[in-house]
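Enquirer: Compute the structure for the input listed below.
(chains A and B)
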Amino acid sequence: MKSLRIGAGAGFAGDRIDPALDLARDGHLDYLVFECLAERTIALAQLSKRQRRSPGFDPLLRERMEAVLPLCRRNGTRIVSNMGAANPRAAAKETARIARALGLHGLRVAAIRGDDVLRQARKLAGSEERLVSANAYLGADALLDALRSGADVILTGRVADPSLFLAPMIFAFGWALDDWNLLGRGTAVGHLLECAGQLTGGYFADPDYKDVPGLDRLGFPLAEVEENGEAVLTKLEGRGGALTIRTCKEQILYEVQDPSRYLTPDVTADFTGVRFEEIAPHRIRLSGARGAARPEELKVSTGFYEGFIAEGQISYAGPGALSRARLARDVLANRLGWIPAEDLQLSFIGVNAMHGETLSAPGPEPYEVRLRAAARRLSQPQARELTREVESLYVNGPAGGGGVSTSVRENIAMDAMFLPRSSVKPATTYEVA
Amino acid sequence: MKLREMAHARAGDKGSIVNISLIAFDVADYPLLAEHVTAEKVSALFAPILARPVERYTIPGLGALNFVLHRTPAETVTRSLHLDAHGKGLSYVLLNMEVDIEGDRRIG
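Expert: The predicted structure follows:
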């Protein structure tokens, strides 16, 4: 059988659309996969759906579908995505509607549900009123009915990222769901592709150390997967970026703890034997991944209300910038003394704001310094008070303070729990354009 | 020398966990990395943000080490007040680490 061509169309909810469009047009793809759900994205979607601010699916669904649906239909490319977020059925209905408007009649759209386990989680958490959302990570098996039924577009909520890519391989090659080595290899491919541009030079470029040509025109990756699970990773000619052994090594270990036990709902993948070989520029051969039996339980990611986070910033420049910023910090520390110390952070952008005082290397005093105040677990009025205190530094603080910015947002904090597989029941519904 | 001269790194995040891969530019340098960049040294470097000592995994085939940092429960992606709540830039805290490798390093 010929190899299966799978492209990565997005690596996060707000990702660029033009690289996906290029893949849909020129990639000769069998599948185009959009991974758009970070840990918290689904909880925010759930919240927004409940407050009736949105239907609960990916806000860029329409823009993405309008861009790629006609090309995918013409080229016989099927779309798989977790853009269903908190409402896969509504996402499928909307996609069918978009397809009709584009004249793509007969297009079949599947919605995979069953990841929403809020009810089960409530029981376990014991009427936890702060619980906003609970979504089980479904595996590749949840997508197989839709793939067998010939759906052109498959939209899910929470599915483990690599599983979105593994499902088409299982379906196309007829892999057994307990052939752990094959599933481990396919998972390695999925894991490499799931962050899209992070395989082709995004989150990588470091001038003079790791140069990446054409970062502004970064092309997204695709894999040519063979029946034995080995694959060639590549990108389109003419797009920017670099797909090298180095980018692959960084990405295979991305978000990995024990590389011999990378847990997904499908398999316990082992990346320790992985080999990358450059067979041509921007063509990397992947082999050597393995697998062992899948975990017994499914991971569930849970979102909790955790009050409001408020932030405010003000800058000082020129002689004595840092000492004026320090004075402003001391003023704020006193004015905001009612916030528990562990929930308030005062730092200097340009000095120690990224990782805190203790992890920041000392350097020469910068020309300008930006004081940043951030606090959490606040009520909304408390959050506003923090922002007013930062604004007040214009008039009541040290000399020459400028460029105040403030923000307040409701915070959803994420945790994880585990559920037996038997309590999670995926289901598929269909819409036809 | 600084680690940055002989290795590259990428940070990833899951909840309160941050992992940092450390990958030798030249696979031949991997044994030196493995010898000098111990879990103890990396634990000491990141001590202020850790809930427990760093775990280190070795992947000799890739010339890579993987460090797993367990941050305190208040320091998760969704709770941290740091500007870099994810810890995406922590890879460069590691690359900024001084290691006494010059003398051991092969020439060429």
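Enquirer: ok, residue 18 - how many residues close by?
Expert: No chain in the question, so chain A it is. Neighbourhood size, A:D18 [other CB atoms under 10 Å in any protein chain shown]: 13. Where you see a C-beta, it was placed from the backbone N, CA and C, and this is true even at glycine.
Enquirer: Hmm, no, I was thinking of chain B.
Expert: For B:V18, the tally of surrounding residues (other CB under 10 Å) stands at 27.
Enquirer: any idea which helix or strand carries the nearest residue to it once chain neighbours are set aside?
Expert: Spatial nearest neighbour of B:V18, chain neighbours left out: B:G87 (4.1 Å); criterion: CB to CB, 6 or more residues apart in numbering or on different chains. Counting by DSSP states H and E, there is no helix or strand that carries B:G87.
Enquirer: Contacts only, for B:G87.
Expert: Applying CB atoms under 8 Å, 6 or more residues apart in numbering or on different chains, we find B:G87 in contact with A:H355, B:A11, B:D13, B:V18, B:L69, B:R71, B:V77, B:S80.
Enquirer: Tell me who's in contact with the closest residue to A:L138 other than its chain neighbours.
Expert: Distance criterion CB to CB, 6+ apart; nearest residue to A:L138, sequence neighbours excluded, is A:V159 at 4.6 Å. Contacts for A:V159 (CB under 8 Å, 6+ apart) come out as A:N82, A:I112, A:D115, A:Y137, A:L138, A:G139, A:A140, A:A142, A:L143.
Enquirer: Mind listing what's buried along the helix or strand harbouring B:E55?
Expert: In this assignment (DSSP H and E), B:E55 forms part of strand B:50-59. Judged by neighbour count (16 or more other CB atoms under 10 Å in any protein chain shown), strand B:50-59 contains these buried residues: B:L50, B:P53, B:V54, B:E55, B:R56, B:Y57, B:I59.
Enquirer: circling back to that earlier point, what would the contacts of A:V159 look like in TSV with secondary structure?
Expert: Converted to TSV, the contacts of A:V159 look like this (DSSP: H, G, I helix; E, B strand; the rest coil):
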residue	secondary structure
A:N82	coil
A:I112	strand
A:D115	coil
A:Y137	coil
A:L138	strand
A:G139	coil
A:A140	helix
A:A142	helix
A:L143	helix
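Enquirer: filter these to the buried ones?
Expert: A:N82, A:I112, A:D115, A:Y137, A:L138, A:G139, A:A140, A:A142, A:L143.
Enquirer: what are the phi and psi values for the fourth one?
Expert: Taking degrees, to the nearest 10, you get phi -80, psi 100 for the backbone angles of A:Y137.
Enquirer: quick one: contacts for it?
Expert: With contact set as CB under 8 Å, 6+ apart, A:Y137 has these partners: A:D115, A:R158, A:V159, A:A160, A:S163, A:T264, A:P265, A:L298, A:K299, A:V300, A:S301.
Enquirer: which bits of the stretch 151-300 of chain A sit near chain B?
Expert: A:203-204, A:206, A:209-210, A:246, A:249-260, A:271-276, A:288 (CB under 8 Å from any CB of the partner chain).
Enquirer: Not counting its own residues, what contacts the least confident helix or strand in chain A by mean pLDDT?
Expert: Of all helical and strand segments in chain A, the minimum by mean pLDDT, DSSP states H and E falls on helix A:118-125, at a mean of 85. Helix A:118-125 has contacts (CB under 8 Å, 6+ apart) with A:E128, A:L131, A:S133, A:A134, A:V300, A:T302, A:M417, A:L419, A:S423.
Enquirer: quick one: the second one and chain B, what's the gap?
Expert: When you say that, I think you mean A:L131. 14 Å (CB to the nearest CB, to the nearest Å).
Enquirer: go on, the third one?
Expert: As for A:S133, its distance to chain B is 12 Å (criterion: CB to the nearest CB).
Enquirer: Could I get the pLDDT score of that residue?
Expert: As predicted, A:S133 sits at a pLDDT of 93.
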